[in-house]
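*Asks:* would you be able to build a 3D model of this:
(one chain, ligands or ions: 1)
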Amino acid sequence: MSEKLALVTGGSRGIGKACALELAKCGYDIVINYAGNTEAANKTVEEIKALGVEAEAFKFDVSNQAEVEENIAKIIEKYGRIDILVNNAGITRDDLFIRMGEDKWSAVINTNLNSAFYVSKPVVKIMMKQRSGAIVNMSSVVGVSGNIGQANYSSAKAGLIGFTKSLAKELGARNIRVNAVAPGFIATDMTKDLANTEEMMKLIPLKRMGAPEDIAKAVKFLAVDSSYVTGQVLEVDGGLII
Ligand code: NAP
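*Replies:* Next comes the predicted model:
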């Protein structure tokens, strides 16, 4: 049983890992989820435990509803509660729309958008019983602006914004706040092979990529500090889409 617990999907690497560490610093026990890289997940668990809280990694595919339900049930059985959910796990499968096959479309919609439906459903049930909770959905600036080669990804990320606002309206009376963060270009494995980095920097007023920790601080603000904020999309992008 835990006094306060945060669940971060895709919490083994990149932005999710930084969020998990930031919430651990606030005293939350942490469950991270990941898809396949057990070595990275175990390393992250050790780093979180070093901050003096409980930590555990659960391997399951957020795009598979049966796997999600089975694992969330295990987490609730073991820890008794979930106070914060960060719907962070995500992938890219970029291609120009004219060339994009249904495989790339569905992989991204299932992993980046349907996952939030699958994971939030059982988590909201326990939050409703607790009569408190905070959810932060990891959107993207391209969910607001669109992007060439990312019709699948930007559709999923725009979908998360609608999901965020709808849940905020439905769940506010239950003392559950739902917000989103829309990161710009953040230095992680996801962006390490991006071409045209120099061109991109010209578009960013702060003239640099963000760090995962920049996003984690925004997540901490929305999940922990902002008791009267719900239904918002916080752009953390160095000014990219002012
Ligand atoms: P990343 O470094 O590639 O890490 C992705 C994480 O998600 C890993 O922990 C991975 O687990 C997990 N994951 C992927 N597919 C999964 C699945 N089907 N089930 C469970 N876990 C899965 O990515 P990131 O850059 O940190 O991105 C994190 C989130 O921020 C994503 O939603 C992304 O779209 C969003 N975002 C990123 C940027 C950016 O510039 N980086 C910008 C805007 C939005 P494994 O380690 O096991 O693979």
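
*Asks:* can you dump the C-alpha atoms of the longest strand seen in the chain in CSV for me?
*Replies:* Scanning the chain for the strand with the most residues, using DSSP state E, yields strand 176-183. The C-alpha trace of strand 176-183 is given here as CSV (Å, rounded to 0.1, in the frame of the first residue of the first chain):
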residue,chain,number,x,y,z
ILE,A,176,-10.1,15.1,-10.6
ARG,A,177,-8.1,17.6,-12.7
VAL,A,178,-7.1,16.8,-16.3
ASN,A,179,-4.5,18.8,-18.2
ALA,A,180,-2.1,18.4,-21.1
VAL,A,181,1.4,19.5,-21.8
ALA,A,182,2.4,20.2,-25.4
PRO,A,183,6.2,19.9,-25.8
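
*Asks:* ok, and what's touching the helix or strand immediately after that strand in the chain?
*Replies:* Counting by DSSP states H and E, the element after strand 176-183 in chain order, helix or strand, is helix 197-203. Residues outside helix 197-203 that contact it (C-beta atoms under 8 Å, 6 or more residues apart in numbering) are F185, L194, K207, R208, M209, L240. (C-beta placed from N, C-alpha, C; glycine too.)

*Asks:* so which of the residues you listed also contact the ligand?
*Replies:* Residues of the contacts of helix 197-203 in contact with the ligand (C-beta under 6 Å from any ligand atom): F185.

*Asks:* buried members of the contacts of helix 197-203 into ChimeraX, please.
*Replies:* Selection of the buried residues among the contacts of helix 197-203 in ChimeraX, burial being defined by 16 or more other C-beta atoms under 10 Å:
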select :185,209,240
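
*Asks:* can I get the contacts of helix 197-203 in TSV with pLDDT?
*Replies:* Converted to TSV, the contacts of helix 197-203 look like this (pLDDT from 0 to 100):
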residue	pLDDT
F185	96
L194	79
K207	95
R208	94
M209	95
L240	96
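
*Asks:* from the contacts of helix 197-203, which two are the most distant?
*Replies:* Greatest spacing in these, by C-beta to C-beta: L194 and K207 (16.0 Å).

*Asks:* ranges for the strands of the protein?
*Replies:* Taking DSSP E to define them, one finds strands in the chain at 5-8, 29-34, 55-59, 84-87, 133-138, 176-183, 233-236.

*Asks:* rebuild those strands as JSON lines, extending it with distance to the ligand, mean neighbour count and mean pLDDT.
*Replies:* Shown next, in JSON lines, are those (distance: least, C-beta to the nearest ligand atom, whole Å; neighbours: other C-beta atoms under 10 Å; pLDDT from 0 to 100):
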{"stretch": "strand 5-8", "distance to the ligand": "9", "mean neighbour count": "29", "mean pLDDT": "98"}
{"stretch": "strand 29-34", "distance to the ligand": "4", "mean neighbour count": "26", "mean pLDDT": "98"}
{"stretch": "strand 55-59", "distance to the ligand": "7", "mean neighbour count": "18", "mean pLDDT": "98"}
{"stretch": "strand 84-87", "distance to the ligand": "8", "mean neighbour count": "28", "mean pLDDT": "99"}
{"stretch": "strand 133-138", "distance to the ligand": "4", "mean neighbour count": "26", "mean pLDDT": "99"}
{"stretch": "strand 176-183", "distance to the ligand": "4", "mean neighbour count": "26", "mean pLDDT": "99"}
{"stretch": "strand 233-236", "distance to the ligand": "9", "mean neighbour count": "19", "mean pLDDT": "98"}
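
*Asks:* perfect, I'm done here.
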